[in-house]
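**Student:** pasting the sequence and the predicted model now:
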Amino acid sequence: MLKGSLGAAALLGLQACASTAKVAQAGTTPPPPAPGKRVSLLPIRVTPDQLIDVKCCIRPLRAAGPNLGTEMVGSTLVIHNYGHGGSGWSLSWGSADIAVGKALTVLPREIAVVGCGIIGLTTAIVALQAGLKVTIYARDPIQRTRSFRASGSFTPDSRVALSEQAGPAFGDLWERMARFSWKAFRTYIGVAGNPVEFSDSYQLSDTPITRRPPAAPDPAITESFATKGLPQQNSEFGHYSDRIRDIVPQAVPLAPEDNPFSAPYATRASQMYFNFASYGHLLMSEFFARGGQFVMRDFHNPAELATLREKVVIHCTGYAARDLWQDKTVIPVRGQTGWLVPQPEAHYGVRYKNVSLLSKSDGVVVMNNNPDLGEMLGVGNSMELPTKADIEEGLKIIAPVFAPAAARGA
Ligand SMILES: Cc1cc2nc3c(=O)[nH]c(=O)nc-3n(C[C@H](O)[C@H](O)[C@H](O)COP(=O)(O)OP(=O)(O)OC[C@H]3O[C@@H](n4cnc5c(N)ncnc54)[C@H](O)[C@@H]3O)c2cc1C
């Protein structure tokens with residue numbers, strides 16, 4: 001479905017780029033590329049031999065949004081920072097800023113952070129930046145956490161709360177976290193190893209693409225979170241991303257000459273994402289370089305936190321808070337990702353039908369979602385074993401996007 005045959009498309013694209021670069025260096029305005037040569041992309045290889053990993057993870061959804069409350073356990077002040085649904089990477093810095101702000105109100109010299117997923121690690125770094133002595137206690141460093149089994153894009157309002165239960169005030173809190181995080185991520189752009197990057201993300205369709213309004217309630221579904229303790233339909237999920245449209249690049253429709261694919265309809269958006277290997281490594285290095293200490297430890301109940309030397313503890317155990325804190329408001333939302341061999345030469349993302357691909361330096365991440373289920377996919381499911389067949393099915397669905405047009409008879 002890429003326009004032209006593969007070799008020819010790639011070659012034409014490179015020639016067009018090289019000549020424009022030469023003219024631009026000479027200080028003149030580059031001429032527009034010849035028709036049909038405006039944009040060409042190298043195809044992403046999606047054959048089954050490229051699939052090197054399938055990971056499964058649980059999103060920690062709370063109907064009311066993340067728990068940022070405080071409580072005393074014995075003489076220890078515990079500040080919670082867990083339950084970020086499908087948005088933990090995206091909201092991490094802003095959420096850390098709020099949690100550390102609460103810790104600072106009691107003027108501690110040292111604090112403990114329990115948990116070293118993306119929430120615990122960013123919380124620890126923000127606390128170090130504030131001049132505190134910080135020890136992370138966790139049973140796993142970030143590379144072995146659920147966080148490392150996510151997909152890694154800036155998706156700050158993905159299954160983060162239910163609109164009714166979170167209430168209108170949550171929108172303001174969400175916006176504060178999202179804006180703070182967006183700024184923090186930008187400080188990692190351009191850093192060696194590309195921990196945080198932007199790339200083009202194309203949405204392709206066989207029919208015109210319109211901006212989807214939030215799902216309307218289905219009158220046939222009479223149960224809801226209020227009656228069942230679990231959301232029953234997509235319309236229950238909160239959506240807040242319009243609040244930050246002024247800073248986050250929005251999708252633009254592509255004119256036919258700018259559409260590198262032969263799918264008739266396409267949009268392109270600049271998408272910010274995280275390369276887990278380099279970003280995780282960089283954050284751990286930053287934590288240690290600022291004097292942080294890491295202690296591998298497993299806690300079995302809240303009272304054990306009160307035995308720590310530090311009398312201020314920020315609790316960041318994510319989905320595990322359901323067991324450790326007996327917080328049954330944490331709802332599991334299962335999801336999985338497939339990983340293809342890294343293909344840095346094809347640096348972009350594509351969404352077609354229910355499948356998304358994003359080519360990152362740590363691999364090409366593939367997700368096969370179900371358009372009928374939408375955000376309800378995986379809700380209430382805590383099964384953490386991957387099912388490779390779903391990813392293989394997704395690869396088959398998206399493969400025609402990269403087939404030479406001639407092979408499709410286009
Ligand atoms: C398929 C999928 C894709 C996703 N994609 C994205 C995305 O693109 N963008 C985005 O923003 N978010 C995404 N998410 C959501 C994101 O992964 C989560 O919100 C995030 O990982 C939560 O991080 P956390 O640090 O709270 O929890 P975790 O990563 O689970 O970390 C918890 C930490 O606590 C420690 N711990 C737990 N229990 C104990 C205990 N009893 N004693 C001691 N230590 C303990 C663990 O060892 C670990 O260090 C995705 C989720 C899924 C499932």
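**Tutor:** The structure has been received and is ready for your questions. Numbers count the residues shown, from 1 in each chain.

**Student:** all contacts plus neighbour counts: C-alpha atoms, from now on.
**Tutor:** OK.

**Student:** show residues contacting stretch 288-308.
**Tutor:** Stretch 288-308 is contacted from outside by 73-76, 112, 124-125, 128-129, 133-140, 313, 324-325, using Cα atoms under 8 Å, 6 or more residues apart in numbering.

**Student:** gap between the residue lying closest to residue 164 once chain neighbours are set aside and residue 214?
**Tutor:** Among residues not flanking residue 164 along the chain, residue 236 sits closest, at 7.2 Å (Cα to Cα, 6 or more residues apart in numbering). According to Cα to Cα, to the nearest Å, residue 236 and residue 214 sit 10 Å apart.

**Student:** more crowded one of the two?
**Tutor:** Ranked by neighbour count (other Cα atoms under 10 Å), residue 236 and residue 214 place residue 236 first, with 24 against 12.

**Student:** is it true that that one touches residue 160?
**Tutor:** No: taking contacts as Cα atoms under 8 Å, residue 236 lies outside contact range of residue 160: 11.3 Å.

**Student:** quick revisit: got a pLDDT number for the residue nearest to residue 164?
**Tutor:** Reading off the confidence values, residue 236 has pLDDT 96.

**Student:** how far away is it from residue 215?
**Tutor:** In terms of Cα to Cα, residue 236 sits 9 Å off from residue 215.

**Student:** where along the stretch 51-200 of the chain do the helices fall?
**Tutor:** Taking DSSP state H, counting those that start in this stretch to define them, one finds helices in the stretch 51-200 of the chain at 88-104, 118-129, 163-166, 169-186.

**Student:** need these in JSON lines (columns: mean neighbour count and distance to residue 374).
**Tutor:** Below are these laid out as JSON lines (neighbours: other Cα atoms under 10 Å; distance: least, Cα to Cα, whole Å):
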{"stretch": "helix 88-104", "mean neighbour count": "24", "distance to residue 374": "19"}
{"stretch": "helix 118-129", "mean neighbour count": "25", "distance to residue 374": "25"}
{"stretch": "helix 163-166", "mean neighbour count": "17", "distance to residue 374": "16"}
{"stretch": "helix 169-186", "mean neighbour count": "18", "distance to residue 374": "22"}
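
**Student:** Serialize those to CSV and add fields for distance to residue 283 and mean pLDDT.
**Tutor:** What follows is the helices of the stretch 51-200 of the chain, written out as CSV (distance: least, Cα to Cα, whole Å; pLDDT from 0 to 100):
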stretch, distance to residue 283, mean pLDDT
helix 88-104, 12, 98
helix 118-129, 7, 98
helix 163-166, 31, 97
helix 169-186, 12, 98
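
**Student:** using a markdown table, lay out these together with distance to the ligand.
**Tutor:** Shown next, in a markdown table, are the helices of the stretch 51-200 of the chain (distance: least, Cα to the nearest ligand atom, whole Å):
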| stretch | distance to the ligand |
| --- | --- |
| helix 88-104 | 3 |
| helix 118-129 | 4 |
| helix 163-166 | 17 |
| helix 169-186 | 10 |
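
**Student:** quick one, which of the ones you listed gets closest to residue 264.
**Tutor:** Closest approach to residue 264 among these (Cα to Cα): helix 88-104, 31.9 Å.

**Student:** touching the closest one from outside, list them.
**Tutor:** Residues beyond helix 88-104 that count as contacts (Cα under 8 Å, 6+ apart) turn out to be 68, 79-81, 84, 118-119, 122-123, 126-127, 147, 152-156, 176-182, 184, 312, 314.

**Student:** could you do stretch 196-209 as well?
**Tutor:** If you take Cα under 8 Å, 6+ apart as the criterion, stretch 196-209 is touched by 185-186, 188-190, 263-275, 279, 347-353, 358.

**Student:** just the buried members of the residues you listed?
**Tutor:** Buried members of those, counted by 16 or more other Cα atoms under 10 Å: 185, 188-189, 263, 265-275, 279, 347-353, 358.

**Student:** still on that earlier bit, which of the contacts of stretch 288-308 count as buried?
**Tutor:** For the contacts of stretch 288-308, buried by 16+ other Cα under 10 Å: 73, 76, 112, 124-125, 128, 133-140, 313.

**Student:** which one of the residues you listed is nearest residue 384?
**Tutor:** For the buried ones among the contacts of stretch 288-308, the residue nearest residue 384 by Cα to Cα is residue 140; the value is 16.9 Å.

**Student:** surely the closest one meets residue 116?
**Tutor:** Yes: shown here, residue 140 and residue 116 form a contact pair, counting by Cα under 8 Å, at 6.6 Å.

**Student:** in stretch 242-252, what's buried?
**Tutor:** Neighbour-count burial for stretch 242-252, counted by 16+ other Cα under 10 Å, picks out 248, 251.

**Student:** what does that stretch contact?
**Tutor:** So stretch 242-252 is contacted by 175, 178-179, 267-271 (Cα under 8 Å, 6+ apart).

**Student:** which pair in the residues you listed has the greatest spatial separation?
**Tutor:** 175 and 267 (25.7 Å).

**Student:** low-scoring stretches of this protein, by residue?
**Tutor:** 1-39, 404-410 (pLDDT under 70).

**Student:** how far does stretch 266-282 stretch from one end to the other?
**Tutor:** End-to-end span of stretch 266-282 (Cα to Cα): 35 Å.

**Student:** that one near the ligand at all?
**Tutor:** No: Stretch 266-282 lies apart from the ligand when judged by Cα under 6 Å from any ligand atom; the minimum separation is 7.5 Å.

**Student:** and stretch 290-310, C-alpha only, in PDB?
**Tutor:** What follows is stretch 290-310 as a C-alpha-only set of coordinates in PDB (Å, rounded to 0.1, in the frame of the first residue of the first chain):
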ATOM      1  CA  ARG A 290      22.100  12.800  42.400                       C
ATOM      2  CA  GLY A 291      22.900  10.600  45.400                       C
ATOM      3  CA  GLY A 292      19.900   8.300  45.500                       C
ATOM      4  CA  GLN A 293      20.100   4.900  47.200                       C
ATOM      5  CA  PHE A 294      18.200   1.800  46.000                       C
ATOM      6  CA  VAL A 295      17.300  -1.000  48.400                       C
ATOM      7  CA  MET A 296      15.600  -4.100  47.000                       C
ATOM      8  CA  ARG A 297      12.800  -5.000  49.400                       C
ATOM      9  CA  ASP A 298       9.400  -6.600  49.400                       C
ATOM     10  CA  PHE A 299       6.700  -5.200  51.700                       C
ATOM     11  CA  HIS A 300       3.800  -7.300  52.800                       C
ATOM     12  CA  ASN A 301       1.500  -4.800  54.500                       C
ATOM     13  CA  PRO A 302       1.300  -1.100  55.100                       C
ATOM     14  CA  ALA A 303       2.600  -1.400  58.700                       C
ATOM     15  CA  GLU A 304       6.000  -2.500  57.400                       C
ATOM     16  CA  LEU A 305       6.400   1.000  55.900                       C
ATOM     17  CA  ALA A 306       6.300   2.400  59.400                       C
ATOM     18  CA  THR A 307       9.500   0.400  60.200                       C
ATOM     19  CA  LEU A 308      11.600   2.300  57.700                       C
ATOM     20  CA  ARG A 309      14.100   4.900  59.000                       C
ATOM     21  CA  GLU A 310      12.400   7.600  56.900                       C
END
